[in-house]
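[1] no sequence for this one, just the structure:
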């Protein structure tokens, strides 16, 4: 038994959709809590005017009755309210009438740092918009909705996931970059408390919890680096100072330090899980970089489209959702159960078997 997530949708298409499978029956979902996470994703210093156009709300088309999951596929929708301005340019079917609104002109000048050129070459595209619409970070809205559902599942077994932006002076950096029509990145940290030892596995690469967390975060737009625990700093540390010594009391095994970030050999070890990720500056610039036309090969300037100056605070919300999703997936694999009560009972029985309790 595991969770699975399939998403679809383009940045300026009609909607973003997701299908979640593997949820136990009987999990109570709070629409206001999901919408609150969607609203958090839209906030943050340096966001673009689009966040004032979109007011993201989750809709459920299947798999939920009276707020409780049915154990069947859960279908989610987040509408793109800005689509009305792109109705001709992003029409799913061949549009009728004269070209109008946004997106009616083909994009042939790819942006450095985006999926534009690689996507056009890979799929044989003449119009870069056919690549950039899906590559856009807009589709993380539906990932946040799925992550909110995973957080609801994790709460049933006492696991909480939070995030924050690291470093000082972000607003000052954003103001300076905005004045120069530039962009900035930053570093985000995600922490998960209450995770018992034993999630994940060292048996295969695909089952390693650290590898799964790294993959979901590196798979998020603009993320260029991930570390767990002390990460890269451990490369400069001797072994005697790099690892977390163990103690045991009546509550079980514990560590005084957590340099491993709560994961050893691909398996959670009972300590707080700590993950950090580095976000590059966004590649859509109001002062565009040099490019070359896909059709003519002539030099030009890359596409200029509405963009954030920074989205680091938004990334924190997305990263939180991604970590919650992978922990929820690992918990489903560990504890199973078609009904929520079965899932919770298996977790309780496991904690009774091992020498560990949350601090």
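    Noted; the coordinates are in hand. Quick caveat: nothing in here was measured; it's all calculated off a predicted structure.

[2] partner residues bridging residue 75?
    residue 19, residue 62 (DSSP bridges).

[3] can you give me the neighbour number for it?
    A total of 15 residues lie near residue 75 under the criterion other C-beta atoms under 10 Å. Yep, even glycine has a C-beta here, placed from its N, CA and C like the rest.

[4] so what's it up against?
    Residue 75 sits next to 17, 18, 19, 60, 61, 62, 63 when contact means C-beta atoms under 8 Å, 6 or more residues apart in numbering.

[5] for burial, what's the neighbour tally of the last one?
    Going back to what we said before, that points to residue 63. Using other C-beta under 10 Å, residue 63 has 19 neighbouring residues.

[6] what is the least confident helix or strand in this protein?
    Within the chain, no helix or strand scores below helix 50-53, which has a mean of 59 by mean pLDDT, DSSP states H and E.

[7] and the contacts of residue 75, which is closest to residue 192?
    Nearest to residue 192 among the contacts of residue 75, counting by C-beta to C-beta, is residue 18 at 21.8 Å.

[8] for residue 188, which three-state class applies?
    strand (DSSP: H, G, I helix; E, B strand; the rest coil).

[9] which secondary structure elements does the host helix or strand of residue 348 contact?
    For residue 348, the host element (DSSP states H and E) is helix 340-353. Contacts defined by 3 or more C-beta pairs under 8 Å, 6 or more residues apart in numbering; DSSP states H and E place helix 340-353 against helix 312-335.

[10] between the helix it packs on and helix 340-353, how many degrees?
    Relative orientation of helix 312-335 versus helix 340-353 (axes from the mean of the first three to the mean of the last three C-alpha atoms, to 10 degrees): 80 degrees.

[11] which positions in the helix holding residue 348 come out as buried?
    By neighbour count on 16 or more other C-beta atoms under 10 Å, the buried set for helix 340-353 is 340, 342, 343, 344, 346, 347, 350, 351.

[12] for the residue lying closest to the first one once chain neighbours are set aside, the count of nearby residues, please.
    Looking back up the chat, that one is residue 340. Spatial nearest neighbour of residue 340, excluding adjacent residues (C-beta to C-beta, 6 or more residues apart in numbering): residue 26 at 3.9 Å. Residue 26 has 18 neighbouring residues, counting by other C-beta under 10 Å.

[13] ok, residue 26 touching residue 66?
    No - contact between residue 26 and residue 66 fails when scored by C-beta atoms under 8 Å: they sit 11.3 Å apart.

[14] ok, and the most crowded of the contacts of residue 75?
    Result: residue 18 is most packed of those (other C-beta under 10 Å), 22 neighbours.

[15] who are the contact partners of that one?
    By C-beta under 8 Å, 6+ apart, the contact set of residue 18 is 5, 6, 7, 8, 75, 76, 142, 143, 145, 146.

[16] mind redoing it with 7 Å?
    Counting by C-beta atoms under 7 Å, 6 or more residues apart in numbering, residue 18 touches 5, 6, 7, 76, 142, 145, 146.

[17] which of those sit farthest apart?
    Using C-beta to C-beta, the pair of the contacts of residue 18 lying farthest apart is 6 and 145, separated by 13.2 Å.

[18] and the two? Which one has more around it.
    residue 145 (27 against 11).

[19] any idea which helix or strand comes after the helix or strand that one falls within?
    Using DSSP H and E, residue 145 sits in helix 140-155. Sequence order places strand 160-166 as the next helix or strand after helix 140-155, per DSSP H and E.

[20] what's that next one packed up against?
    strand 186-193, helix 312-335 (3 or more C-beta pairs under 7 Å, 6 or more residues apart in numbering; DSSP states H and E).

[21] can you count the residues close to the closest residue to residue 115 other than its chain neighbours?
    Nearest residue to residue 115, sequence neighbours excluded (C-beta to C-beta, 6+ apart): residue 135, at 3.6 Å. Residues lying near residue 135 (other C-beta under 10 Å) number 17.

[22] identify the residues contacting residue 135.
    Applying C-beta under 7 Å, 6+ apart, we find residue 135 in contact with 114, 115, 119.

[23] which of those residues are buried?
    Of the contacts of residue 135, these count as buried by 16+ other C-beta under 10 Å: 114, 115, 119.

[24] which SSE is the residue nearest to the first one when sequence neighbours are not counted in?
    Nearest residue to residue 114, sequence neighbours excluded (C-beta to C-beta, 6+ apart): residue 283, at 4.5 Å. Using DSSP H and E, residue 283 maps to neither a helix nor a strand.

[25] what do you get for residue 110?
    Using DSSP H and E, residue 110 falls outside every helix and strand.

[26] what's near enough to touch it?
    By C-beta under 7 Å, 6+ apart, the residues touching residue 110 are 116, 117, 120, 128, 291, 294, 302.

[27] pLDDT wise, what is it at?
    For residue 110, the pLDDT comes out at 95.

[28] now swap in the one 4 residues further on and tell me
    Residue 114 is assigned a pLDDT of 93 by the prediction.

[29] please verify my assumption that it contacts residue 132.
    Yes - using C-beta atoms under 7 Å, residue 114 makes contact with residue 132 at a distance of 6.4 Å.
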